[in-house]
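1. got a sequence here, can you model it:
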Amino acid sequence: MQTKRMRIIKTLAMALLCLGFAACATTQLSQSDINEQRDSLRNMANQALTNLYSTNPAAQGAIMNAAGYAVFSDFGFKLIYAGGAKGKGIAVNNATRQETFMKMMELQPGYGLGADKFWLIFAFANSAAYNSFVTSGWEAGANLMMAAKSNAAGGAFAGAVTMSEGVYMYQITQEGLVVGVSITGAKYSRDEELN
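-> A predicted model of the protein is given here:
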């Protein structure tokens, strides 16, 4: 009886999660809506970078000297045994200043209730890592996240975690830098509506 109840709760939680993401789906955007969303993402990125630099001043040099960077605003939530996050972001090539607008989706297994807003800031040490991120997208699975939690970057990228070869990530909230990385099952891809 208890096992059946838990299965029902899990199923309902997943259904609510899917409905929540479906409710966020949008129709075709007008050019003014596109411009407004682009400006909003630029402002979000500036705010996130300002917060990061005030918490970790060395990060400014690391990001400005990187091949490129990407900033995402995440709104995450947990409901019973499942959670997730959906966000948008902007990637900037430091050499050309070209912007690529991105989106992300994340699933977080585990018990909990509540919501949290945070920023993810990626720094790409080389152009190959940056170009792969903006053209092919990127996925962070559970195995990668377990490795990242125990792989704090040193040197120029101190305060970040090494996500993969040439990819470093900072996670911050309004209160400051988060040492532990909490994303699991995340997928990053180009936002075709905004590019």
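2. can we go C-alpha only for contacts and neighbour counts from here?
-> Fine.
3. tell me the contacts of the closest residue in space to residue 130 that isn't next to it in sequence?
-> Nearest residue to residue 130, sequence neighbours excluded (Cα to Cα, 6 or more residues apart in numbering): residue 124, at 5.4 Å. If a contact means Cα atoms under 8 Å, 6 or more residues apart in numbering, then residue 124 has 66-69, 130, 166-168 as its contacts.
4. ok, so of the residues you listed, who is nearest residue 47?
-> Proximity of the contacts of residue 124 to residue 47 was ranked by Cα to Cα; the top entry is residue 69 with 14.4 Å.
5. what does the average pLDDT come to for the strand or helix carrying that closest one?
-> Element membership of residue 69 [criterion: DSSP states H and E] is strand 68-93. The pLDDT scores in strand 68-93 average 76.
6. before we move on, what about stretch 118-137?
-> For stretch 118-137, mean pLDDT is 93.
7. cool, stretch 51-64 as well?
-> In this model, stretch 51-64 carries a mean pLDDT of 92.
8. got the CA coordinates for it in CSV?
-> Once non-C-alpha atoms are left out, stretch 51-64 reads as follows in CSV (Å, rounded to 0.1, in the frame of the first residue of the first chain):
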residue,chain,number,x,y,z
ASN,A,51,27.5,40.1,-8.2
LEU,A,52,30.2,37.5,-9.1
TYR,A,53,32.9,40.1,-9.3
SER,A,54,32.0,41.7,-5.9
THR,A,55,32.1,38.2,-4.3
ASN,A,56,35.1,36.9,-6.2
PRO,A,57,37.2,39.8,-7.7
ALA,A,58,39.6,37.4,-9.4
ALA,A,59,36.8,36.1,-11.5
GLN,A,60,36.6,39.3,-13.5
GLY,A,61,40.1,38.8,-15.0
ALA,A,62,39.4,35.1,-15.6
ILE,A,63,36.2,35.8,-17.5
MET,A,64,37.4,38.8,-19.5
